[in-house]
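take a look and give me a structure for this.
(chains A and B)
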Amino acid sequence: MAKIELKQISKKFKDETIIENLNLTIKDGSFTVLVGPSGCGKSTTLRMVAGLEKQSGGEIWIDDKCVNDTPPGLRDVAMVFQNYALYPNMTVRGNIEFGLKNMGIAKQERERLIMDICGIVGLVPHLNKKPQSLSGGQRQRVALARAMVKQPKVFILDEPLSNLDAKLRNQMRTELIQLHKRLGTTFVYVTHDQVEAMSMGDEIVVMNKGVIQQADTPMKLYHDPANQFTAEFIGTPAMNMMDMRDMQGLEIRSATVPGYAGFRPEQALIGAGADSEGYEIEGEILTRESLGAENIYQIQSRNGVFFVKTFLAPLETMRHVKVTVPYDRLYYFGLNGERLRGVEASSKRPAAVGGR
Amino acid sequence: MKTVDNTIGGSPIGTAAAGSRLSHARTRKATIRQAISVLLRVLNIAALLLLVLVFALPFIWMLSTSLKTLPETMIFPPRWIPDNPVWQNYADAWNTGPFLKYFRNSIIIAGGILILQMLTIIPAAYAFARYKFVGSGFLFGIVMVTLMIPSQLIFLPVYLELSAFKLLNTHLGLILPFASSAFGIFLLRQAFMQISDELIEAARLDQAKEWKIIVRIMVPLVKPVLVTFALFSFIAHWNDYFWPLVMTTNETARTLPLGIAKIREVEGVATWNILMAGNLILVTPILIVFFLSQRQIIKAFVYNGVK
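Residues are numbered from 1 along each chain as shown, chains lettered A, B, ... in the order given. Next comes the predicted model:
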């Protein structure tokens, strides 16, 4: 178990700066997910923690020890790669045993460790097979077993589920959560899939262009995004974002003038009664996606196109609808994308907007 | 009726008659397709047989000649199978010179070259494939340039050098000039470059030392390429005539090809039957090695071709 601290980390590839002045503390025993669009530097950050990539500046501390000059093998870090990176010329047993042999562990002890781990991930019947003859899920398990058997302080997983099909991915997701509970080791997980991040992590670090946008618990990220990027990145469909100049009829009292207002598709109400207070938008439904329990509507309004998501409600058949967004569900952002808090809103001339 | 259901895709329009017509057409089409595929396979086999014949004929001719009497080798039209196979030819060929010595020399020299080459090209190719160091491009360029220098151009300076080091007429003198191979470095570098970085990173995280990564992971993964190269190298040096001829002045380090060439001179007349028996002695070890490593060679070409 170990705490990981990144202090003032920067990374440059030739003239290109990938990461600049990054500070992050990953709590001991946490399941931390680094998430962000591709090219945001999340994998690079992870590889620097593992020691596979040397940072251009700054310090990395694992378990209160600076590991800047520690080679990858001695950092007590195990990694699961996206394409598993199993040694094709070795059997499953050989793959798992390789690291132990290099660590100089006696044969009997190795055998015991291998059997223990393979029992956990269900690989015992496949011990003498080569990776080529295993399915994707089994290869994934071998990769996990290979990492686990070394009993590292930190587990690093680089998009480990992206090569699996949807069903297997869900299954492995739960297995990984259980595994984390069972081992209690620090897990650092990289993904570009926000659903994966939300469902697995107890701490999520949202990154964009080499900068940490927000590091928080999943619920905090969802309910209280720190900026426009996080707000739009977390949640499906993404948060609807509207230019304040288009929000006619909305009166706000705030120290700074917001540039944008946003609301989550699932928090807007279609055809709400007169008693519900909120900002009203009228529009035409462009498309309807029905997924059974939930329906997603794409609506064209004067303020632009936006999405509304309803749960366990009959599919809306009307073309022309009135959407109400409760005032306390509106998020405001400055022109630079920063979240503005403490903004109070009301409708100036309700009749002009909604025609109540 | 099962076929009908399939063709119509569930709609219950087709009558039984229409259905049977349809399935007739289908079976006819299937038969034609089958016939074509059989024909293609036959043609393919015929073409392959022709190819085999082209390459195998000289060998068969050599074998046939090596079992004939000298007059028999001159008969026209030639006879493929001699009336009385003369096994004595092999003994005669063997006894024209110190063949046991030639044989031993050939094995020591071709084998020694092979071992040294393996020791030098594997680390070199790994370094060129996996590391960017100061001057790596330049050094690799130099390696590539040596590929383009014919041995006829350098044999004289090498001869003088070997003579200065008193290495003429020694095994070492015939081995050392070939201690490394530019072709081998190039071939292996390409193979190493195809291996994914993550595999090496995984090994580093597994605390594997650099040499262990090479021996336990990289080399097994390029085995087909390595075997192919080894075979090329072994055959080339086993058959080499020019270099040992130039670098030796007496029998101490002479190899089989020189011995075989000497058979011709023995009687003044070309004793083709004996000569062919000698040649067969020369190629047999290579054929054996080839048969043993056949699978790996095919793998190497498929691997390099498809990827």
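
what's the mean pLDDT across stretch A:234-254?
Averaging pLDDT along stretch A:234-254 gives 86.

repeat that for stretch A:67-75.
Stretch A:67-75 shows a mean pLDDT of 91.

repeat that for stretch A:297-309.
Across stretch A:297-309, pLDDT averages out at 92.

buried residues in stretch B:48-67, which are they?
Applying a neighbour-count criterion of 16 or more other CB atoms under 10 Å in any protein chain shown, one finds B:Met62, B:Ser64, B:Thr65, B:Ser66, B:Leu67 buried in stretch B:48-67. Any C-beta I mention is one placed from the backbone N, CA and C, and that applies to glycine too.

quick check, pLDDT for the fourth one.
Going back to what we said before, that points to B:Ser66. Looking at B:Ser66, the pLDDT reads 92.

that one is in contact with B:Ile281, isn't it?
No. Applying CB atoms under 8 Å as the test, B:Ser66 and B:Ile281 come out as separate, 9.1 Å apart.

now for the two: what residues contact both?
Each of B:Tyr90 lies in contact with both B:Ser66 and B:Ile281 under the rule CB atoms under 8 Å, 6 or more residues apart in numbering or on different chains.

am I right that A:Ala2 sits in a strand?
No. Remark: A:Ala2 does not belong to a strand; assigned using DSSP: H, G, I helix; E, B strand; the rest coil, it is coil.

per-residue pLDDT, it?
84.

and what of A:Ala345?
So A:Ala345 comes in at 79 (pLDDT).

ok, it - contacts?
Here A:Ala345 is in contact with A:Leu250, A:Glu251, A:Ile252, A:Arg253, A:Tyr279, A:Tyr327, A:Leu330 (CB under 8 Å, 6+ apart).

where does the residue in the stretch 1-150 of chain B that chain A sits nearest to sit: helix, strand or coil?
Residue of the stretch 1-150 of chain B nearest chain A, by CB to the nearest CB: B:Lys132 (12.0 Å). Here B:Lys132 is recorded as coil under three-state DSSP.

around chain A, pick out the residues from chain B.
Residues of chain B lying close to chain A (CB under 8 Å from any CB of the partner chain) are B:196, B:198-199, B:201-209, B:212, B:216-217, B:220-221.

if we go to 10 Å?
B:195-209, B:212, B:216-221, B:223 (CB under 10 Å from any CB of the partner chain).

figure out the length between the terminal residues of stretch A:299-307.
Using CA to CA, to the nearest Å, the end-to-end distance of stretch A:299-307 comes out at 6 Å.

scratch that, stretch A:42-57
End to end - CA to CA - stretch A:42-57 spans 16 Å.

list the buried residues for it?
Neighbour-count burial for stretch A:42-57 flags A:42-53, A:55 (criterion: 16+ other CB under 10 Å).

swap in stretch B:201-221?
When burial is assessed from 16+ other CB under 10 Å, stretch B:201-221 yields the following buried residues: B:201-208, B:212-214, B:216-219, B:221.

try stretch A:125-134
A:His126, A:Leu127, A:Lys130, A:Pro131, A:Leu134.

now the first one: closest residue in space that isn't a chain neighbour?
Right, A:His126. A:Val92 (5.3 Å; CB to CB, 6 or more residues apart in numbering or on different chains).

same check, this time on the third one
Counting by CB to CB, 6+ apart, A:Lys130 lies nearest to A:Thr91, which is 5.8 Å off, once chain neighbours are set aside.

same check, this time on the fourth one
Ranked by CB to CB, 6+ apart and with sequence neighbours excluded, the top spatial neighbour of A:Pro131 is A:Leu86, at 4.2 Å.

doesn't that neighbour belong to a strand?
No. Counting by three-state DSSP, A:Leu86 falls outside a strand, being coil.

next up, the contacts around residue 285.
All of this refers to chain A. Contacts for A:Ile285 (CB atoms under 10 Å, 6 or more residues apart in numbering or on different chains) come out as A:270, A:297-300, A:308, A:316-321, A:323.

switch to chain B, please.
Contacts of B:Pro285 by CB under 10 Å, 6+ apart are B:Phe103, B:Ser106, B:Ile107, B:Ala110, B:Phe234, B:Ile235, B:Trp238, B:Leu256.

which SS class is the third one?
Same thing as B:Ile107. Here B:Ile107 is recorded as helix under three-state DSSP.

right, and it touches B:Val289 too?
No. With contacts counted by CB atoms under 10 Å, B:Ile107 stays clear of B:Val289, the gap being 11.4 Å.

overlap in contacts, these two.
B:Trp238.

quick check: pLDDT value at B:Lys2.
41.

pLDDT weak spots in the chain?
The chain I'm using is chain A. By pLDDT under 70, the low-scoring segments of chain A are A:1, A:348-356.

not quite, I wanted chain B
Scanning chain B for pLDDT under 70 picks out B:1-20, B:265-268, B:303-307.

so where's the longest helix in it?
Identified as the longest helix of chain B according to DSSP state H is helix B:16-66.

so after that helix, what's the next helix or strand?
Using DSSP states H and E, the next helix or strand after helix B:16-66 towards the C-terminus is helix B:70-74.

helix or strand for the closest residue in space to B:Pro224 that isn't next to it in sequence, which one?
Among residues not flanking B:Pro224 along the chain, B:Ala300 sits closest, at 3.5 Å (CB to CB, 6+ apart). In this structure, B:Ala300 sits in helix B:272-306 according to DSSP H and E.

what's the angle from that helix to helix B:16-66?
Using axes from the mean of the first three to the mean of the last three CA atoms, to 10 degrees, the direction of helix B:272-306 lies 140 degrees away from that of helix B:16-66.

so which bits of helix B:272-306 are buried?
Buried-residue list, helix B:272-306, by 16+ other CB under 10 Å: B:272-283, B:285, B:289, B:293, B:296-297, B:299-300.

sorry, back to before: same list (the buried residues of stretch A:125-134) but as CSV, adding secondary structure.
As requested, the buried residues of stretch A:125-134 are exported to CSV (three-state DSSP):
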residue, secondary structure
A:His126, helix
A:Leu127, coil
A:Lys130, coil
A:Pro131, helix
A:Leu134, coil
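
and these, which two are furthest apart?
Greatest spatial distance among the buried residues of stretch A:125-134 (CB to CB): A:Leu127 and A:Pro131, at 12.1 Å.

overlap in contacts, the two.
A:Thr91, A:Val92, A:Gly94, A:Asn95, A:Val142.

which of these fall in helices?
A:Val92, A:Gly94, A:Asn95, A:Val142.

any idea how far chain B is from the second one?
Using CB to the nearest CB, to the nearest Å, we find A:Gly94 at a distance of 9 Å from chain B.

what does the first one give?
Noted for A:Val92: a distance of 14 Å to chain B, by CB to the nearest CB.

unless I'm mixing things up, that residue is touching A:Arg146, no?
Yes. The criterion here is CB under 10 Å, and A:Val92 meets it with A:Arg146 at 9.0 Å.

identify the contacts common to these two.
Between them, A:Val92 and A:Arg146 share these contacting residues under CB under 10 Å, 6+ apart: A:Leu86.

could you list the buried residues of stretch A:105-122?
Neighbour-count burial for stretch A:105-122 [16+ other CB under 10 Å]: A:Ile105, A:Arg110, A:Leu113, A:Ile114, A:Ile117, A:Cys118, A:Ile120, A:Val121.

ok, now stretch A:326-342?
For stretch A:326-342, by 16+ other CB under 10 Å, it's A:Tyr327, A:Arg329, A:Leu330, A:Tyr331, A:Tyr332, A:Phe333, A:Gly337, A:Arg339, A:Leu340.
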